[in-house]
Structures are given as structure tokens and as C-alpha cells.
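below is the sequence, then the predicted model.
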Amino acid sequence: MKILTQKFNTKYNTAPFSLLKLEDYNPAFVENIAAAKAEIDTIINNPATPTFENTIEALEFSGEALDRLSSIFFNLNSAETNDEMQKIAQDVSPLLTAFSNDIALNEALFKRVKLVYEQKDTLKLTPEQTTLLDKKFKSFSRNGALLSNEKKERLREIDSELAKLKLTYGENVLAETNNYQLHITTAKELKGLPEGTIEAAESLAKSKNLEGWIFTLDYPSYIPFVTYADNRELRKELAVANGKKAFQNNKFDNQEITLKIAKLRFERANLLGYKTHSHFVLEERMAQNPEKVTSFLNDLLSKAKPAAQKEFAQLTAFASGIDGIDQLEKWDGAYYSEKLKQKLFDFDDEHLKPYFKLENVLNGAFTIAEKLFGITFKEVFDIDKYHEDVQTFEVLDLQKELVAIFYADFFPRKGKRNGAWMTSFKPQYSKDGVNQRPHVSIVCNFTPPLGSKPSLLTFNEVTTLFHEFGHALHGMLANTKYPSLSGTSVYWDFVELPSQVMENWCYEPEALAIFARHYETNEIIPEGYVDKIKKSASFFEGMATLRQISFGLLDMAFHSNNPNQIIDIKTFEKEAFEGKSLYPDVAENCMSVSFSHIFQGGYSSGYYSYKWAEVLDADAFAYFQEKGIFNKEVATKFKDNVLSKGGTELPMELYKRFRGQEPKPEALLKRAGLL
């Protein structure tokens, strides 16, 4: 246990994953919580008059060991979990929630913070210190410090219950993903599928001692199947299975949990004096309130819907023409879109895959980061990792000083949740004259190498890697004093800017020339393919935009209204999607019960952020295009004013300092072909 309660005796203080034992986590959490409480007591019992240093800064740097332990444990619970780990998560979550409440509801501590806050105009603080002071004060005022004792007690109960419910929600989705497999034993049912997808399915079947081919709900298996399989009934079976995760009235059903989470969030917001959960959340976002978010989404909807309807009619006519299908269903969308794209652009994602070997794409991302921001990546083998698939890198600046440690984890496995994300095992901050550098990780689910064939990415996976790498750069290039303002610790509707802006380089011939090389011949991607990538970039963008808007409005429907009036999740979801969905509803499917972004992750009242940040990223990249996509001056302005600053100032101020103006939506609408 000692290893989890002290500084690690490792290179760069990296996590000693191979030495961590499951039985050590519970006692380590108990000990680290006790140590953090003692640090809080020291602040409260300090006889000196409260100052920024002895109260606000002391509070900011308290609980360091606990924060480190929490990040390690919960990151592993997402990327490398098992039943025992999930049980520990259920045990420790209430302890962490109680500790968090103990701080937020501590009257003596709040009194000291309030005294400093009331003098803020006379303290001559830096912008970063001012932000930290505001944030610390709000962490009390927005989390119950001003409530009566009775209401404080209820807040504790709500927070404890929410922590457990969110964990269970995620565990149920993972269980449902793992519990399903489509077992095919007849070769003719594989018609249309790419060779690599078939090989992966055969390999999976063999690993389970079965004949034939196995397909799962993991993205590298699911996406190619619904995109290429000619057998419509099997596409339907897989798509319906994916859509009914946690909606099967079994022990992994999330209907009741989803509703409970929404109701508890609403009650919590009301307790704190807010009309709804969205009003509470959005007070600390660029968008500020639910009315502005809904207006933003509806404005985009008015521009995207006519284009989406036109595209859907075109797709329906195409499907009818080749297969006599008059009513497109959800399991037809990807299949016929791919066929139409091939016809219109003579363009097949499978033809591109040989040019996107994972190692080359990753090295391409590294080279682009070096050209833009002056950092290099060196793979190292003396840093511990939590799974053999993980790669570790030292990130160095031009003076060969350490910038960050970077972990990359790319392939699906049983204990890893679906999707892709960036996270951190240790934040950046400066203390006692030392700039502590961050340990950052990206986690994805790409097709693994098979036999002698390396991992070959679809173009969509290429943009996913660049997206997560953009988040990673935000973490790695952080240069702030305080950990809670560092890296990706920014307003939620600003956090997607660095990730989404990085995707733009995937479409530029100058950037593709760096990494898009045939894995067998090393031939650079043909100019014709690059042209097709660019031309097809906005293919069916109306439908894609409509889909994202519908998800954002579903999120707002749950959180900007009173959820106590919801009787049935499925009915509620159907009403929220009314007028924003092109395909017929599937009775046995329900998205809300596996919408992990908003019910397990941190995106509640924040799913709109993806579209919001697209306005920023299109506007930002237009600046790069204007000056040159590798222009050092623009890149340095982006690094100095956005990537390194974290949440130290208001996002719009940082953006304007980089761009010289507020973002305009025209760049996005032009890029999406919606103008």
C-alpha cells in the first residue's frame, strides 16, 4: 500500500503500474483522504490572518497524493478494468464524494476563503491568481457553502448517490458491449466486408475456440460491418443490438438509473438556487445559460436541416435505384452512404487504409507538432505501463528539456470501454520553483495488427487520433502555476478547440505528405486520393450536423427542464428527437441509456460543446490557412495564448488574443458546405 501513499521512486515520478495491487487501493484511498483532511485542518487552524498564500494557494496544493491516486485508479478503471476494480470503484467513490463535500461545506474554511475573496480588489493579484481565487470561492458558493445544515446534509446524500449511479451506468454499458457477439458460420454472409475485417473476425473466433467469424459491438468490428456487409438482416441485427445496450429489462438495464441521475441533478440544482441543472452548469461556460445554447443549436438546425433532408432524399433514391429499398432504416445509412460516396468520388475508405499505417500516422502527428510547436517525441522503454499494448514517449523541447510523458493506448480489449479519450496521470503545475511536467495519455479503439499485417486505420480513425492528440497537446504544453487551471482544465465548451483544430491537418496535402505512405511500398498517397479526401470532406455534412444537434438537444431536454415529469425514457427521447431525425424510430432501441458522455462522463448540459468548438476551430484554422498551415508565428500565438494557458483566463479573452477578433461562424458553414 505504501507505494500508493507517497512519491513514486520512478523515472520522472511516473506511475509504477506493474507494482500496483488491487488490494492496496482501498487502504491507500483511506490514508490519502486522511492526509488531505489533515492539510485542510492546518489551513483552518492557522492563527495568521487569511491571505492568498496561506489560504487559497495552500488549499490549491492540498491533497496532492489523493489527486494522483484518484487519477491513476479511475483512468485504469476506464482503460484496464475488471470486476474487482469496478467493486473498488463503487467502494471508494462515496468516500471521495464525502471528502469533497467535507471541503465544500466546511464553514471555517469557507470563512477564510471568503475573507480573502472580499479583499481581492486590493491584493494586486496576477490574472491567474485572480482566476484561482474566483474559482475557489465559487467551489464553495456553488456547492452548498451557503446552505442551511439540513440542506447541506441532503446535498451530501445526492452527491454520494450520483457518484455511485454514474459508475453503475458505465459498468452496465460496458457489460452489455462485452456480452454481445454475432457469430457467423457461413462465408456467403460475409459478402461486402473488407478482407481485414474478415481476418479480425476469424482471429477473434479462434481465440474463443469457435469456427467461423465473430463480430462485436467494439468499434473496429461494428463500424466496418454496418458500413460494408451486404447482408441487410445481419446489419440490422448488429445495429439493433448496439442500440439496445442497457435497454433490455435485464440486470444491466439503465432506464431507471438514467432517470434517477437526471432527477438528482435537478434536485441538486434547485437546492443550490438554480432553476435547472443546465442553469447551474452553464453559469461556468462560455455559453452562460441554456437559452443561449438552445438558440445556438436551433440556429444551426435551421441551416443544417434543409441540407440534411436533401441528402437523405438523395440517399433514398440511390438505395431504391440499386436495391429497390424505398424506406431507409438506421442500419442502411452507413452502408448506402459509403456506396454513394464511392460512386460520386470514386472513393473507398478501404483503398485509403494501406496509406494509414498506425505507426506512420502517429509519427506524422509528432512531426506536425514539432513543426508547429518545437517539440519532439522519443519512444522510451524504461517507463512502466499498465498494459503491454501501451507505448511510452518522452516529449522534449528544442533545448532537450522534458515537456511531458506521453502514453498511447490504441487497441480494444475486454476491460476497456469503447470510444476514444485523452486523460492525464499527473497534471502540470509550478511549485517551489519547479515546473512539474505532466503525464498525458490518449486511449483509442483501433483495429489491431493481424498476423504480418500492421494496424491500418480508416480515415475516420486518422482524424480520431489527431483529435485526441490535440487534447494531449493541450495537456502537454500547459505552462501554468496551479494544477486546477492547467492543461484541459478549461471551460467545457472551450476544451474541444485544440482537439478539433488538429483534425484539420488531416485534410491538407502538405500534412498528408508527411505520414500517408503505403505500408508495403512506402509510396506517398496519390494526389488523386488527397483530392478525393478533400472533396468528400463535407459529404453528407448536413446529416452529420443534424445528428450532432439532435444529441445536443436531447442533452438539453434532460437537463434544462424538470425531469420529474418524465414518465418513460424512450417516449421522452422520441419527443426530443422529433423533427431532428431522418430515419424511422427503432422500437427496441434507446440512446439515452448508453449516452455515456452525458450520464457517466462530464458532458451533461455540455454536448453542444462539440458544435460550439467547431465554430472556434474552423475560424482558428482559417487563420492558419491564410498564413500557411505550418506558419510558426500563428502556431506560436496558438501555443502561447491557448495551449499553454489552460483555464487561467476567460476563454474568449485567450481566443481573441490569439486571433485578434471573436470567432465568426462563416468559416464553419463554408467548410461544412452549409452556406
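Great, that's in hand. Residues are numbered from 1 along each chain as shown.

for the protein, which segments are assigned as strands?
Per DSSP state E, the chain carries strands over the ranges 182-184, 213-215, 375-380, 391-397, 402-409, 421-426, 429-431, 434-436, 439-443.

pLDDT weak spots in the chain?
Low-confidence segments of the chain (pLDDT under 70): 1.

now the longest helix seen in it: buried residues?
The longest helix of the chain (DSSP state H) is helix 290-323. Within helix 290-323, the residues that count as buried by 16 or more other CB atoms under 10 Å are 290, 293-294, 296-297, 300-301, 303-305, 307-308, 311-312, 315-316, 318-319. Backbone N, C-alpha and C define where each C-beta goes, glycine included.

the residue most central in space within the chain pairs with what?
Centroid-nearest residue in the chain: residue 421, 4.5 Å away (criterion: CA atoms, centre = their mean). Beta bridges link residue 421 to residue 443 when assigned by DSSP bridges.

list the contacts of it.
With contact taken as CB atoms under 8 Å, 6 or more residues apart in numbering, residue 421 is in contact with 78, 442, 443, 468, 471.

now render those residues as CSV, adding distance to residue 241.
Listed next are these as CSV, based on distance: CB to CB, whole Å:
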residue, distance to residue 241
78, 23
442, 28
443, 24
468, 27
471, 30
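
ok, back up a step: now the strands of the chain as a markdown table including distance to residue 12?
Formatted as a markdown table, the strands of the chain follow (distance: least, CB to CB, whole Å):
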| stretch | distance to residue 12 |
| --- | --- |
| strand 182-184 | 44 |
| strand 213-215 | 41 |
| strand 375-380 | 10 |
| strand 391-397 | 8 |
| strand 402-409 | 6 |
| strand 421-426 | 9 |
| strand 429-431 | 15 |
| strand 434-436 | 10 |
| strand 439-443 | 8 |
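
nearest to residue 335, out of the ones you listed?
Among the strands of the chain, the nearest to residue 335 by CB to CB is strand 213-215 (14.6 Å).

going by neighbour count, list what's buried in the closest one.
Under 16+ other CB under 10 Å, the buried positions of strand 213-215 are 213, 214, 215.

next: stretch 36-51.
36, 37, 39, 40, 43, 50, 51.

burial measure for residue 100, as a count.
17 (other CB atoms under 10 Å).

what's the burial count for the closest residue to it other than its chain neighbours?
Spatially, and ignoring its direct neighbours in sequence, residue 100 is nearest to residue 159 (7.2 Å; CB to CB, 6 or more residues apart in numbering). For residue 159, the tally of surrounding residues (other CB under 10 Å) stands at 20.

ok, now residue 518?
Using other CB under 10 Å, residue 518 has 15 neighbouring residues.

residue 353 versus that one, what's the distance?
Distance, residue 518 to residue 353, by CB to CB, to the nearest Å: 10 Å.

closest one to residue 122 among the strands of the chain?
Among the strands of the chain, strand 429-431 comes nearest to residue 122, with 24.9 Å by CB to CB.

neighbouring contacts of that closest one?
Strand 429-431 is contacted by residues 61, 435, 436, 480, 481, 482, 483, 486 when judged by CB under 8 Å, 6+ apart.

any chance of the residues you listed in CSV, with distance to residue 86 and neighbour count too?
Listed next are the contacts of strand 429-431 as CSV, based on distance: CB to CB, whole Å; neighbours: other CB atoms under 10 Å:
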residue, distance to residue 86, neighbour count
61, 31, 14
435, 36, 14
436, 31, 17
480, 34, 23
481, 36, 19
482, 32, 25
483, 27, 23
486, 29, 26
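
could you pull up the residues touching residue 353?
Applying CB under 8 Å, 6+ apart to residue 353 gives the contacts 194, 196, 456, 457, 458.

will you turn those into a markdown table that also has distance to residue 596?
Formatted as a markdown table, the contacts of residue 353 follow (distance: CB to CB, whole Å):
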| residue | distance to residue 596 |
| --- | --- |
| 194 | 28 |
| 196 | 27 |
| 456 | 27 |
| 457 | 23 |
| 458 | 22 |
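
quick one: which of those residues is nearest residue 414?
Taking those together and measuring to residue 414 by CB to CB, the closest member is residue 196, at 21.1 Å.

is it true that the closest one touches residue 446?
No. The criterion here is CB atoms under 8 Å, and residue 196 misses it with residue 446 at 11.6 Å.

for these two, indicate the residue with more neighbours.
Using other CB under 10 Å, the more surrounded residue of residue 196 and residue 446 is residue 446, with 21 against 18.

which residue packs closest to that one, ignoring adjacent ones?
With CB to CB, 6+ apart as the criterion, residue 446 has its nearest non-adjacent residue at 4.9 Å, and that residue is residue 410.

burial count for the one you found?
21.

returning to that earlier point: OK, contacts around the residue nearest to residue 100?
Per CB under 8 Å, 6+ apart, neighbours of residue 159: 97, 100, 101, 268.

and residue 26, how many neighbours?
Using other CB under 10 Å, residue 26 has 15 neighbouring residues.

separation between it and residue 364?
For residue 26, the distance to residue 364 - CB to CB - is 43 Å.

ok, how many other residues are close to the residue lying closest to residue 457 once chain neighbours are set aside?
Nearest non-adjacent residue to residue 457, counting by CB to CB, 6+ apart: residue 356, 4.2 Å away. A count of nearby residues for residue 356, using other CB under 10 Å, gives 26.

okay, and the beta partners of residue 356?
residue 517.

contacts only, for it.
By CB under 8 Å, 6+ apart, the contact list for residue 356 reads 456, 457, 458, 459, 461, 462, 515, 516.

distance of the fifth one relative to residue 446?
What it means is residue 461. 5 Å.

hmm, the residue nearest to residue 446 is touching residue 358, no?
Yes. If you go by CB under 8 Å, residue 410 and residue 358 touch, sitting 6.4 Å apart.

overlap of the contact sets of these two?
446, 455.

residues near the residue lying closest to residue 318 once chain neighbours are set aside, how many?
Spatial nearest neighbour of residue 318, excluding adjacent residues (CB to CB, 6+ apart): residue 340 at 4.9 Å. Around residue 340 there are 19 other residues, counting by other CB under 10 Å.

repeat that for residue 445.
22.

and it, its phi and psi?
According to degrees, to the nearest 10, the main-chain angles of residue 445 amount to phi -130, psi 80.

any chance of the contacts of residue 356 in CSV, plus distance to residue 171 and neighbour count?
As requested, the contacts of residue 356 are exported to CSV (distance: CB to CB, whole Å; neighbours: other CB under 10 Å):
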residue, distance to residue 171, neighbour count
456, 32, 23
457, 29, 26
458, 29, 20
459, 33, 20
461, 26, 25
462, 31, 25
515, 37, 24
516, 39, 26
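
report the two of these separated the most.
458 and 515 (14.8 Å).

mind listing what residue 20 touches?
If a contact means CB under 8 Å, 6+ apart, then residue 20 has 3, 4, 72 as its contacts.

of those residues, just the buried ones, ChimeraX syntax please.
To isolate the buried members of the contacts of residue 20 in ChimeraX, using 16+ other CB under 10 Å:
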select :4,72
